[in-house]
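A.B. asks: For reference, the sequence and a predicted model appear below.
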Amino acid sequence: VNAYLKSLKLHARTLDPLLTQYATELAVLERIYYINNNQHRPALFWQRVVEARRYSRRLRLLHVPSLVDRLRRSFYG
């Protein structure tokens, strides 16, 4: 169990910069969606953009850093 907790700590540290970059990419995706939604709505490729936007919102609503932090705190007190 101790080895897994050390691995979790290491991955939690690398998760923060990744989520910062993810937030930036999500902001770009939101801007692209806002600008092009009316023009490309019937296109098939645009449905994939809408799907990626929907999944990214769900991932953001999960609050992954707080989940990882609560998991670590449950073991370390």
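C.D. replies: In hand now; what should we look at?

A.B. asks: Distance check, residue 68 against residue 24.
C.D. replies: Separation of residue 68 from residue 24 (Cβ to Cβ, to the nearest Å) stands at 20 Å. (Glycine included, C-beta is placed from N, CA and C.)

A.B. asks: now residue 55
C.D. replies: 17 Å.

A.B. asks: hang on, the earlier thing: can you pick out the residue with more neighbours from residue 68 and residue 24?
C.D. replies: More crowded of residue 68 and residue 24, by other Cβ atoms under 10 Å: residue 68, with 16 against 10.

A.B. asks: hang on, the more buried one packs against residue 8?
C.D. replies: Yes. In this structure, residue 68 is within contact of residue 8 by Cβ atoms under 8 Å, at 7.2 Å.

A.B. asks: got the contact list for residue 68?
C.D. replies: If you count contacts by Cβ atoms under 8 Å, 6 or more residues apart in numbering, residue 68 has them with 8, 11-12, 15.

A.B. asks: Among these, the buried ones, what's the ChimeraX command?
C.D. replies: To isolate the buried members of the contacts of residue 68 in ChimeraX, using 16 or more other Cβ atoms under 10 Å:
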select :15
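
A.B. asks: Just the ones of the contacts of residue 68 in strands?
C.D. replies: Cross-referencing the contacts of residue 68 against strands under DSSP state E gives no overlap.
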